[in-house]
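*Asks:* Here's a sequence, model it:
(2 chains)
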Amino acid sequence: EVQLVESGGGLVQPGGSLRLSCAASGFIFSSYWMYWVRQAPGEGLEWVAKINEDGSEKYYVDSEKGRFTISRDNAKNSLSLQMNSLRAEDTAVYYCVRGYCTGNRCSRPYWGQGTLVSVTS
Amino acid sequence: DIVLTQSPLSLPVTPGEPASISCKSSQSLLRSDGYSFLDWYLQKPGQSPQLLIYLVSNRASGVPDRFSGSGSGTDFTLKISRVEAEDVGVYYCMQATQSWTFGQGTKVEIK
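*Replies:* Prediction:
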């Protein structure tokens, strides 16, 4: 069974930093792109960052370039999101998501339950 | 970026009646490998989004067969054959053909 368990969320002051983690199990972690998606309170969903299978390619939504860093440890089946210079508008539930495809075979994505980040003074 | 436009944004429904939601994309979602990455999610109050339909028309495991997805190119539809009270919430379409973007959401509530 595929499982994605996020951790690391919490309360942080503006300008502070936070590191989110996602523990993956039930699939070959190193074979999939991985993503972070967030949802601000009462708002819609927004893709934040993505990383390819071996960590050599990383992409970010324009608004977060330079502040957020996505990384992965395939030996530990773990995905991370380092968030710096946090702002109130970064307040959201952050979801870890497994991508669709391994090689040229595609199926469903999987989502974690999310971890809440609250940026407030 | 690909923009997804859902309609309607609010959908009052009667239990037992059918319902449908449209999702229109600003660009074709068909990739050269034949896949179209268009999913449907339901987010119930206080919960994380749950996958209903992936790759246009594939029902996720455990999803009742009253839910179905269809479409191609730029036009996609989620249909509920007979709405039940537990189907209330916000429905989102999502495309993953070119980066990932989401529709604005359609709030479904019981009349």
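*Asks:* Do a quick rundown of the strands in chain A.
*Replies:* A:3-7, A:10-12, A:18-25, A:34-39, A:45-51, A:58-60, A:68-73, A:78-83, A:92-98, A:101-102, A:105-106, A:110-111, A:115-119 (DSSP state E).
*Asks:* Out of the ones you listed, flag the one nearest chain B.
*Replies:* When the strands of chain A are compared by C-beta to the nearest C-beta, strand A:45-51 sits nearest chain B, at 3.9 Å. All C-beta atoms are positioned from the backbone trio N, CA, C, and that covers glycine.
*Asks:* Report the contact partners of the nearest residue to A:A92 once chain neighbours are set aside.
*Replies:* Excluding its sequence neighbours, the residue lying closest to A:A92 (C-beta to C-beta, 6 or more residues apart in numbering or on different chains) is A:R38, at 4.0 Å. A:R38 makes contact with A:45-46, A:48, A:92-95 under the criterion C-beta atoms under 8 Å, 6 or more residues apart in numbering or on different chains.
*Asks:* do that again at 7 Å, thanks
*Replies:* A:46, A:48, A:92-95 (C-beta atoms under 7 Å, 6 or more residues apart in numbering or on different chains).
*Asks:* Now list the buried members of the residues you listed.
*Replies:* A:46, A:48, A:92-95 (16 or more other C-beta atoms under 10 Å in any protein chain shown).
*Asks:* Is residue 101 bridged to anything, and to what?
*Replies:* Answering for chain A, as no chain was given. Legend: beta-bridge partners of A:C101 under DSSP bridges are A:C106.
*Asks:* ah, no, chain B please
*Replies:* Bridge pairing for B:T101 - DSSP bridges - gives B:Q95.
*Asks:* Quick check: it touching B:I2?
*Replies:* Yes. Using C-beta atoms under 7 Å, B:T101 is in contact with B:I2, at 5.3 Å.
*Asks:* more crowded one of those two?
*Replies:* Just comparing B:T101 and B:I2: by other C-beta atoms under 10 Å in any protein chain shown the higher neighbour count belongs to B:T101, 20 against 16.
*Asks:* residue closest to the middle of the chain?
*Replies:* If you meant another chain, say so; for now it's chain A. Note on chain A: the residue nearest the mean C-alpha position is A:W36, at 2.7 Å, using C-alpha atoms, centre = their mean.
*Asks:* try again with chain B
*Replies:* B:W40 (3.2 Å).
*Asks:* And that one, how far from chain A?
*Replies:* 12 Å (C-beta to the nearest C-beta, to the nearest Å).
*Asks:* In contact with that residue, which residues are there?
*Replies:* So B:W40 contacts B:52-53, B:69, B:78, B:91, B:93 (C-beta under 7 Å, 6+ apart).
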